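Enquirer: Fold the following.
(2 chains)
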Amino acid sequence: MTAGWLVVILVGASSIAIKGAGPLLMGGRAVPPGIVPVFKLLAPALFGALVVTQAFARGRELTLDARLAGLLVAAIGAHLRAPSFAVVVGAAAVTAALRFFAR
Amino acid sequence: MLSDIQVEPTVRAGARAVLPLAAAIAVLGVSFGALAISSGLSPLAAVVMSATTFAGSAQFAAVSILGAGGSVGAALGAATLLNARYAAMGLGLLPALGGERWKRLLLAQLAVDESWAVAYLGDGRFSRERLVGAGLVLLAAHVAATALGTVAGGHFVGDPAVWGLDAAFPALFLVLLWPHLQRPEGRMAAASGAAIACALVPFAPAGVPIVAAALGSLVGSRSR
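Expert: Take a look at the predicted model:
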């Protein structure tokens, strides 16, 4: 077997196991009610981390680059309740344009 | 508008809500297909990986490590770390999944960042129907785009940065984060998660800062 197929199979198995861990291990038991407020806040905590790492991290460095302009456009779009597709495309377009003209 | 369709718990509403994100996922899938070929994967292996792993960041990490001459173990380790957040997301989905154990296991596979967010109803509850609608649309886009990418090879997309694709993703996550910022505990959780992630980026391998940022939800729940 090639290394490529080995990675496909092992990463696939690992991914399926991780995603299924909760449903498999917890069985049909109810989630303890004390944990619900924490679950409720998992989304903002992880989204906050994804926003900053995707916008400011390059490898192990934190940098400010053209992505910042895209993020500002996205913040304005979200504040104005623009459709999410327009927000995402607008952010990408502004970033790409800035890079093109800054070359 | 995102806020109009966010609360309707049907498969159709879930599929509709995720459509704009599916376009971004598809562009990413094309680049994954192209990168996988250049890293020595066969087209079939690349498509099988998109269908079974169904987690873009983990796939990119594994294949790029392999392409750079890294070990199978290093590729598996990086991908597993990048995927660890799905264990937490799976726990959140648990009350919504219901049914037989194997059915829950299968439905949990449809959870990726975007479908998980679309399935969220607020107040800690999730909609199984919205997860299925959003997850199936994203899976179809991801697998089809990967196949296209393997055919088009490296000539089709080129450098994602030229198209501003790397800015599309923080924008996307900001749009998903926005409704949570209306409440003080949501703002506290988001700020804590962002701060934890930033603090760890220089020291931790990719993916770990995101996992650690889950602790931000504890900070947020204390702030109420």
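
Enquirer: Got phi/psi on residue B:99?
Expert: Main-chain torsions, residue B:99, degrees, to the nearest 10: phi 70, psi -170.

Enquirer: ok, and the closest non-adjacent residue to it?
Expert: In this structure, residue B:99 finds its nearest non-sequential neighbour in residue B:107, 7.9 Å apart by C-beta to C-beta, 6 or more residues apart in numbering or on different chains. To be clear about C-beta, it is placed using only N, CA and C from the backbone, and glycine gets the same treatment.

Enquirer: how about the one you found, what does it touch?
Expert: A:23, B:93, B:97, B:99, B:128, B:131-132 (C-beta atoms under 8 Å, 6 or more residues apart in numbering or on different chains).

Enquirer: Going by neighbour count, which of those residues are buried?
Expert: Using 16 or more other C-beta atoms under 10 Å in any protein chain shown as the burial test, the contacts of residue B:107 include A:23, B:93, B:97, B:128, B:131-132 as buried.

Enquirer: Mind putting the residues you listed into CSV with secondary structure?
Expert: Putting these into CSV (DSSP: H, G, I helix; E, B strand; the rest coil) gives the following:
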residue, secondary structure
A:23, helix
B:93, helix
B:97, helix
B:128, helix
B:131, helix
B:132, helix
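
Enquirer: Just give me the closest of those to residue B:166.
Expert: Proximity to residue B:166 was ranked across the buried ones among the contacts of residue B:107 by C-beta to C-beta; first place goes to residue B:131, at 27.2 Å.

Enquirer: What separation do you get for the closest one and chain A?
Expert: To chain A, residue B:131 is 12 Å away according to C-beta to the nearest C-beta, to the nearest Å.

Enquirer: For burial, what's the neighbour tally of the residue nearest to that residue when sequence neighbours are not counted?
Expert: In this structure, residue B:131 finds its nearest non-sequential neighbour in residue B:119, 3.8 Å apart by C-beta to C-beta, 6+ apart. By other C-beta atoms under 10 Å in any protein chain shown, the residues close to residue B:119 number 28.

Enquirer: same question, residue B:16
Expert: Residues near residue B:16, counting by other C-beta under 10 Å, number 17.

Enquirer: hang on, it is in a strand, isn't it?
Expert: No - under the criterion used here (three-state DSSP), residue B:16 is helix, not part of a strand.

Enquirer: The residue nearest to residue B:99 sits in which helix or strand?
Expert: If you go by DSSP states H and E, residue B:107 is part of helix B:101-108.

Enquirer: what helices or strands is whichever helix or strand comes after that helix leaning on?
Expert: Later in the chain than helix B:101-108, the nearest helix or strand by DSSP H and E is helix B:113-119. Packing contacts for helix B:113-119, counted by 3 or more C-beta pairs under 8 Å, 6 or more residues apart in numbering or on different chains; DSSP states H and E, involve helix A:36-56, helix B:11-38, helix B:85-97, helix B:128-152, helix B:165-177.

Enquirer: can you give me how far whichever helix or strand comes after helix B:113-119 is from the chain middle?
Expert: Where DSSP H and E defines the elements, the next helix or strand beyond helix B:113-119 is strand B:120-122. The chain centre lies 17 Å from the centre of strand B:120-122; the measure is C-alpha atoms, centre = their mean, to the nearest Å.

Enquirer: Relative to residue B:53, how far out is the residue nearest to residue B:131?
Expert: 20 Å (C-beta to C-beta, to the nearest Å).

Enquirer: Residue B:123 now?
Expert: From residue B:123 over to residue B:53 the distance is 31 Å, taken as C-beta to C-beta.

Enquirer: who's more crowded, the two?
Expert: Just comparing residue B:123 and residue B:53: by other C-beta under 10 Å the higher neighbour count belongs to residue B:53, 25 against 9.

Enquirer: Once you drop chain neighbours, what's closest to that one?
Expert: In space, and not counting its chain neighbours, residue B:53 is closest to residue A:15: 4.4 Å by C-beta to C-beta, 6+ apart.

Enquirer: Ok, residue B:49 next?
Expert: Once flanking residues are discounted, residue B:49 sits nearest to residue A:8: 4.6 Å by C-beta to C-beta, 6+ apart.

Enquirer: for the host helix or strand of that neighbour, packing partners?
Expert: Per DSSP H and E, residue A:8 falls inside helix A:3-25. When contacts are defined as 3+ C-beta pairs under 8 Å, 6+ apart, helix A:3-25 packs onto helix B:43-52, helix B:56-67, helix B:72-83, helix B:85-97, helix B:101-108.

Enquirer: rewinding a little: just curious, which of the buried ones among the contacts of residue B:107 is nearest to residue A:86?
Expert: Distance to residue A:86 across those (C-beta to C-beta) is lowest for residue B:131, with 24.9 Å.

Enquirer: ok, that closest one - contacts?
Expert: By C-beta under 8 Å, 6+ apart, the contact list for residue B:131 reads B:14, B:93, B:96, B:107, B:110-111, B:115-116, B:118-119.

Enquirer: Contacts made by stretch A:91-103 with the rest, please.
Expert: Applying C-beta under 8 Å, 6+ apart, the contact partners of stretch A:91-103 are A:66-67, A:69-71, A:73-74, A:77, B:161-168, B:170-171.
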